[in-house]
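**Q** only geometry, no sequence info:
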């Protein structure tokens, strides 16, 4: 298996990105990709020499200054000025793991050969990626239209010897990092600054990471809910295939199949008949989890298109002898999808918190608050408060950003997507959902052990691994330590191997 991935190949999927990122693969350009990049650049260079027409961002100003012609001798200076003036990112730093994806996606978009940048610029970006010199970016500054201008300007600063990058566990100046790896900054040439700044890679980077986590969260939430189903002595009837077949949403059927796979050979689940109906948070797992899974798959289809797209402006079609200024940088498809995914993940946390509430209620032969000697001990009482607080915060984060727009650039950019805000809110929701699921696992594992239930082989294996990290609780303890340890456990656990699924 090659340690390098051809970043310019025709189609890349979220699955490909998962493998590149988590296998720490280096990237490269094929000869075909390089040829396409060179031909596109040569075409643009020749066009500027032989034509007097205005080409946006090449020999004009930017935004509302699009009709301002730039003197030929200042065309290159225009590009560096663009990077410097647009590097307005503020707020908290973007997590390095997200920056890595953003950088990868920017290289991917430029490698398709419609941006007319020089090959050496892309090769320097590839060096940054392969040497793990991820630029320091900030979360605030993008309107999600015209491209993610501010964060992508900060992403581009190292190319001209400015800004900061990660070097191991440190943040250092670009100059220091370049000296260590014997790299040299470049002088930007026509269109290159604009090609670097225009694009949806900030939104897409957050979205790709969130999608990778969302798929894992779906399977984790379904696995953990199975422990709750057993612990609460739930009826298995709602998970029979006949139910899903008469309402054949794919996610519902898939969820029922996963539940039956996880609980296969359980001696208790398939014999629980005492309770005719269970609360919705148990009985409607296929419908609720399944609906979220359908959203995840839809959003994944949107992002699979986006990672194979060119999103800067203008675009150069050298075969067709055309340079077209349009709006592929607009983030509306992503903004709506990111907000949609946020809603879907919130629901997985909402229903999880409801199961926690039921497990603590003292019903179905479980002690109140899942503790010996309740009264003297408060047990797991406040874990539900914590979960409730988090799901409430999630509801605030889930307010869609994509319904807002604020006019910018003196009215030239009069409708924006606000997709960058959708992206950063979604990141916070993902973190919160992991915590709520950790709280459910903490409670469900306690409850199933109190029940002394003979569970399925999959659950017995999972709980055995979990108990290596978090013990059964006999008396009141500082539970936030156990919540944090549980969260760490599920964040690192390979759910796909356990369930024999593709990532």
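**A** Thanks, I have it. Source: prediction; values computed, not measured.

**Q** Pull the contacting residues for residue 465.
**A** Shown in contact with residue 465 (Cβ atoms under 8 Å, 6 or more residues apart in numbering): 489, 493. For the C-beta atoms, the positions are set from N, CA and C on the backbone; glycine is no exception.

**Q** If we use 7 Å, what do you get?
**A** For residue 465, no contacting residues are found, by Cβ atoms under 7 Å, 6 or more residues apart in numbering.

**Q** phi, psi of it?
**A** phi -70, psi -40 (degrees, to the nearest 10).

**Q** How about residues contacting the helix or strand where residue 153 lies?
**A** If you go by DSSP states H and E, residue 153 is part of helix 149-156. For helix 149-156, contacts defined as Cβ under 7 Å, 6+ apart pick out 83, 86-89, 102-103, 106, 135-138, 141-142, 163, 196-197, 199, 201-202.

**Q** before we move on, what about stretch 308-325?
**A** For stretch 308-325, using Cβ under 7 Å, 6+ apart, the contacting residues are 11-12, 39-40, 43-44, 47, 55-57, 109, 112, 114-116, 147, 194-195, 198-200, 326-329.

**Q** What's the local residue count around residue 25?
**A** Neighbour count of residue 25, defined by other Cβ atoms under 10 Å: 17.

**Q** Let's see the pLDDT reported for it.
**A** If you check residue 25, the pLDDT there is 94.

**Q** show me what contacts it?
**A** 3, 4, 5, 19.

**Q** Now for the first one: which residues touch it?
**A** With contact set as Cβ under 7 Å, 6+ apart, residue 3 has these partners: 25, 26.

**Q** From residue 24, how far off is it?
**A** For residue 3, the distance to residue 24 (Cβ to Cβ, to the nearest Å) stands at 9 Å.

**Q** same thing with residue 486?
**A** 27 Å.

**Q** if you count what's nearby, which of these two comes out ahead?
**A** Shown here are residue 486 and residue 24; by other Cβ under 10 Å, residue 486 has more neighbours (25 against 9).

**Q** Residue 241 against residue 259, yeah?
**A** No: contact criterion Cβ atoms under 7 Å: residue 241 and residue 259 do not qualify, at 11.0 Å.

**Q** Between these two, point out the one with more neighbours.
**A** Just comparing residue 241 and residue 259: by other Cβ under 10 Å the higher neighbour count belongs to residue 259, 22 against 11.

**Q** Give me the distance between the more buried one and residue 218.
**A** In terms of Cβ to Cβ, residue 259 sits 12 Å off from residue 218.

**Q** now residue 320
**A** 43 Å.

**Q** do residue 452 as well
**A** Counting by Cβ to Cβ, the gap from residue 452 to residue 218 is 30 Å.

**Q** Which one's more surrounded, those two?
**A** Counted by other Cβ under 10 Å, residue 452 and residue 218 do not tie: residue 218 has more neighbours, with 25 against 7.

**Q** So for the more buried one, what pLDDT did the model give?
**A** In the predicted model, residue 218 carries a pLDDT score of 98.

**Q** Secondary structure element holding it?
**A** helix 201-231.

**Q** Find the centremost residue of the chain, please.
**A** Closest to where the C-alpha atoms of the chain average out (Cα atoms, centre = their mean) is residue 210, at 2.0 Å.

**Q** tell me the contacts of it?
**A** 341, 426, 427, 430.

**Q** quick one: secondary structure of the second one?
**A** In this case it means residue 426. Under DSSP: H, G, I helix; E, B strand; the rest coil, residue 426 falls in the helix class.

**Q** wait, doesn't it sit right on residue 337?
**A** No: here residue 426 does not reach residue 337: they are 9.8 Å apart, not a contact under Cβ under 7 Å.

**Q** neighbour-wise, which of those two wins?
**A** Per other Cβ under 10 Å, whichever of residue 426 and residue 337 has more neighbours is residue 426, with 30 against 26.

**Q** Now do the same contact list for the more buried one.
**A** Contacts of residue 426 (Cβ under 7 Å, 6+ apart): 206, 210, 338, 341, 342.

**Q** what about the fourth one, which SS state?
**A** What three-state DSSP gives for residue 341 is helix.

**Q** ok, now which ones touch it?
**A** Residue 341 touches 210, 214, 295, 296, 299, 426, counting by Cβ under 7 Å, 6+ apart.

**Q** for residue 161, phi and psi?
**A** Residue torsions, per degrees, to the nearest 10, at residue 161 are phi 80, psi 10.

**Q** quick one: contacts for the nearest residue in space to it that is not next to it in sequence?
**A** Using Cβ to Cβ, 6 or more residues apart in numbering and skipping the chain neighbours, the partner closest in space to residue 161 is residue 185 (3.4 Å). Neighbour list for residue 185: 159, 160, 161, 178 [criterion: Cβ under 7 Å, 6+ apart].

**Q** Surely the third one is in contact with residue 174?
**A** Yes: between residue 161 and residue 174 a contact is recorded at 5.7 Å, counting by Cβ under 7 Å.

**Q** These two: which is more packed in?
**A** Legend: neighbour count by other Cβ under 10 Å for residue 161 and residue 174, higher for residue 174 (23 against 15).

**Q** gap between the more buried one and residue 182?
**A** From residue 174 to residue 182 the distance is 14 Å (Cβ to Cβ).

**Q** same question, residue 233
**A** Counting by Cβ to Cβ, the gap from residue 233 to residue 182 is 66 Å.

**Q** Which one of these two is surrounded by more residues?
**A** residue 233 (21 against 7).

**Q** can you pull the pLDDT of that one?
**A** On the pLDDT scale, residue 233 is placed at 94.

**Q** ranges for the strands of the stretch 101-250 of the chain?
**A** 138-140, 164-167, 170-173 (DSSP state E, counting those that start in this stretch).

**Q** out of those strands, deepest packed?
**A** strand 164-167 (a mean of 20; mean count of other Cβ atoms under 10 Å).

**Q** what helices or strands is that strand leaning on?
**A** strand 170-173, helix 174-181 (3 or more Cβ pairs under 7 Å, 6 or more residues apart in numbering; DSSP states H and E).

**Q** Ok, which of the ones you listed comes nearest residue 368?
**A** Checking the helices and strands packed on strand 164-167 against residue 368 by Cβ to Cβ gives strand 170-173 as the closest, at 49.6 Å.

**Q** contacts for the closest one?
**A** The set of residues external to strand 170-173 that reach it, using Cβ under 7 Å, 6+ apart, is 136, 164, 165.
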